[in-house]
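[1] the following block contains a protein sequence and its predicted model.
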Amino acid sequence: MSERKGVIAAGNMLVDHVHQIVKWPEPGWLTEITRSERSTGGAPLNVLLTLAKMHTGLPLQAVGLIGEDHDGDYIMAMLEQYHVNRQHVQRTSFAPTSMTQVMTDPSGQRTFFHSPGANRLLDLPAFDRLDSSMQIFHLGYLLLLDSLDLPDAEYGTRSARLLAQMQQLGYQTSLDLVSRQGDPRYQPLVMPALPWLDYLVINELEAGEFSGQPMRRDDQTPDIDAIGAVARQLLEAGVRRRVVIHCPEGAFGIEPDGDGLWVPSMTLSQEEIVGSVGAGDAFCAGLLYGSHENWSLSDSILLAHACARASLQCANAIDGAKTLAELKFDIQEKR
């Protein structure tokens, strides 16, 4: 049997309408939009298109549900342009394509106004008969996939059932969450999935919501000990290969039988940051590529940082993505 190769990314597919604004207004007041653009958004599209732009020749496949509308047409055209298999991207007339209005202020801070649309309807039958030659199955985002977030009598949640099925079919499984402050569902939705995961890549906000613990010290620097403790907790709860928690200053990664390590990020000045939309997904794409190629944890995180750094220098999630050769050059230059 030939070696499995490639990445399937599934889940939230949407269009980001990204606006750069002069400043965030007080309630009742107006602010000016200085620039607007449209781009694909959501975990699967951001991860897949970042990987596609790395020009590695890795097979890529998308799984999701979109509407029969102009935004849906745009998603299909982008997948075709970047040679991503779109056979399992289904279309529905019962809901519009999911959409987010993204407001980015001059500091790069972003605020999202999200319309869930067709993503709410994505369910288990959409994942039948996927390409069995692919290696990694990545799902994102929990807490935004209403049908998959429903309870399951045997597995706890339908998303946990899906991940179990994928792992039992021989895929390495990966999961990402959405950053959603104050949502009480983090533990109930995440815990059932952990025993069926090979990789978990989340940010400090999601780690804080999951654990209920602050991830930063009083001086607002990252609390590496606290971040590491949450990573260990997640690994001990069932994740098989790698847990990585990232924040702007760096990332903590841990593997079974390891102490874990903190890898500082590749810094940018505030003036260099155009927008942070999709930076977390770019980080995830780099981590998944390194994991796919059996790179060390530290080298995988360095690549993830390079992908995130490139993403931060553009307003949308895709335009900043670089080739693998360019990313390797950036890593060497910053060392």
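    Perfect, thanks for sending it.
[2] chain center to stretch 78-95: distance?
    Distance, stretch centre to chain centre, for stretch 78-95: 18 Å (Cα atoms, centre = their mean, to the nearest Å).
[3] for that stretch, list the C-alpha coordinates in CSV.
    Only the C-alpha atoms of stretch 78-95 are listed here, as CSV (Å, rounded to 0.1, in the frame of the first residue of the first chain):
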residue,chain,number,x,y,z
MET,A,78,-10.8,30.3,-5.7
LEU,A,79,-10.5,26.5,-5.1
GLU,A,80,-10.3,25.9,-8.8
GLN,A,81,-7.7,28.7,-9.2
TYR,A,82,-5.4,27.1,-6.6
HIS,A,83,-6.0,23.5,-7.8
VAL,A,84,-7.7,22.3,-4.6
ASN,A,85,-10.0,19.3,-5.0
ARG,A,86,-13.6,20.7,-4.5
GLN,A,87,-15.5,17.5,-5.2
HIS,A,88,-16.9,17.4,-1.7
VAL,A,89,-17.8,21.1,-1.5
GLN,A,90,-21.6,20.8,-1.7
ARG,A,91,-24.1,23.6,-2.5
THR,A,92,-27.5,24.2,-1.0
SER,A,93,-30.5,26.5,-1.8
PHE,A,94,-31.7,26.3,1.9
ALA,A,95,-29.2,28.8,3.2
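[4] name the residues of that stretch that are buried.
    Within stretch 78-95, the residues that count as buried by 16 or more other Cβ atoms under 10 Å are 78-79, 82, 84-86, 88-89, 91-92, 95. Quick note: C-beta positions are derived from backbone N, CA and C, even for glycine.
[5] now distance to Gln101 and pLDDT too, for the residues you listed, in JSON lines please.
    Below are the buried residues of stretch 78-95 laid out as JSON lines (distance: Cβ to Cβ, whole Å; pLDDT from 0 to 100):
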{"residue": "Met78", "distance to Gln101": "19", "pLDDT": "96"}
{"residue": "Leu79", "distance to Gln101": "22", "pLDDT": "97"}
{"residue": "Tyr82", "distance to Gln101": "24", "pLDDT": "95"}
{"residue": "Val84", "distance to Gln101": "25", "pLDDT": "97"}
{"residue": "Asn85", "distance to Gln101": "29", "pLDDT": "97"}
{"residue": "Arg86", "distance to Gln101": "25", "pLDDT": "97"}
{"residue": "His88", "distance to Gln101": "27", "pLDDT": "97"}
{"residue": "Val89", "distance to Gln101": "23", "pLDDT": "98"}
{"residue": "Arg91", "distance to Gln101": "22", "pLDDT": "98"}
{"residue": "Thr92", "distance to Gln101": "22", "pLDDT": "97"}
{"residue": "Ala95", "distance to Gln101": "18", "pLDDT": "97"}
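[6] what ranges do the helices span in this protein?
    For the chain, applying DSSP state H gives helices covering 43-53, 70-81, 158-168, 186-190, 204-211, 224-236, 279-292, 297-312, 324-334.
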